[in-house]
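Peer 1: sharing a model that was predicted from the sequence below.
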Amino acid sequence: MRAIPLLLAFATLGLASTPLLAQTDGTCVPVAERKGRELGCYITARHELGRLLVRPPLYWHIERYPSRQEANRAPIADRRSTVVESFGKVWVFTIAPFEWRSRHGEPFARVGPLPLVDAQQFAAVYMEAVFEPGMRSVVHRHDGAEAWFTLEGSQCLETPEGKLEQSAGDPGIVVPAGLPMVLTGTGAGLRRSLVLILQDATKPRSTPVHDWSPKGLCGG
């Protein structure tokens, strides 16, 4: 699996000169290059999925396994399943219809439905993100749906349609392709989230936005 750059810059609100901005140098780096850094965004996997059909609607299935060895050994040879190590745990992420079950891992969450762009080839890009309260992304959009499942802390996402808030234990949230957005860490502690971009495999994963300005609905 090849890693791709993520065009996200991080800054604390009103403190753009803080060293937090440099932790991933304004990009999402492969998790293998983390080098002890905690805050920022890290690519854990990219899975080329080929063609996907709009019907039945697809979901992001999140399962947990006790070890990578068991995850690799389990008969989950679905071409849409990916074994990922993230936040000290072993997960299997699968893009499949609502009713899909592997019957081997521990079901953890199901996020969707995932709206698809018009594309012949799709890729699932998986990431983990760690924000301090007040950290926010640059304004950006994706050529594919973006989905989050927050494991710890909370986040607030502003788009032209308003704001979406998510805390640990809440259902996952999804934003369709092309919608401008800015994401902010909220609450009192670190926010840790699993992230998916289900994109046109031939297009850049993320692009900065200059034709929309957020209203500060999430603070700052």
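Peer 2: Cool, the structure landed.
Peer 1: show me where pLDDT drops low in this protein?
Peer 2: For the chain, the stretches with pLDDT under 70 are 1-27, 75-78, 220.
Peer 1: tell me the spacing between the most centrally placed residue in it and Trp91.
Peer 2: Central residue of the chain (C-alpha atoms, centre = their mean): Val195, 1.5 Å from the mean position. According to C-beta to C-beta, to the nearest Å, Val195 stands 12 Å off from Trp91. (Glycine included, C-beta is placed from N, CA and C.)
Peer 1: about what we covered before: I figured the residue nearest to the centre of the chain hits Trp148, correct?
Peer 2: Yes. The pair Val195 / Trp148 is scored as a contact, 5.6 Å apart, by C-beta atoms under 8 Å.
Peer 1: so the residue nearest to the centre of the chain: helix, strand or coil?
Peer 2: strand (DSSP: H, G, I helix; E, B strand; the rest coil).
Peer 1: nearest spatial neighbour of it, chain-adjacent residues omitted?
Peer 2: Nearest residue to Val195 in three dimensions, chain neighbours excluded: Met127, at 4.2 Å (C-beta to C-beta, 6 or more residues apart in numbering).
Peer 1: contact partners for the one you found?
Peer 2: Leu6, Cys28, Cys41, Tyr42, Ile43, Thr44, Leu194, Val195, Leu196, Ile197 (C-beta atoms under 8 Å, 6 or more residues apart in numbering).
Peer 1: so in terms of bridging, what pairs with the fourth one?
Peer 2: So the one you mean is Tyr42. For Tyr42, the beta-bridge partners are Val29, Glu128 (DSSP bridges).
Peer 1: count the residues that sit near it.
Peer 2: Residues contacting Tyr42 under the criterion other C-beta atoms under 10 Å number 23.
Peer 1: could you dump the contacts of Met127 into a markdown table with distance to Pro180 added?
Peer 2: Listed next are those as a markdown table, based on distance: C-beta to C-beta, whole Å:
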| residue | distance to Pro180 |
| --- | --- |
| Leu6 | 16 |
| Cys28 | 18 |
| Cys41 | 18 |
| Tyr42 | 23 |
| Ile43 | 22 |
| Thr44 | 25 |
| Leu194 | 22 |
| Val195 | 17 |
| Leu196 | 19 |
| Ile197 | 15 |
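Peer 1: which parts of this protein are helices?
Peer 2: 68-73 (DSSP state H).
Peer 1: residues near Leu52, how many?
Peer 2: 17.
Peer 1: so it makes contact with Phe122?
Peer 2: Yes. The criterion here is C-beta under 8 Å, and Leu52 meets it with Phe122 at 4.9 Å.
Peer 1: mutual contacts of the two, please.
Peer 2: By C-beta under 8 Å, 6+ apart, the residues touching both Leu52 and Phe122 are Leu116.
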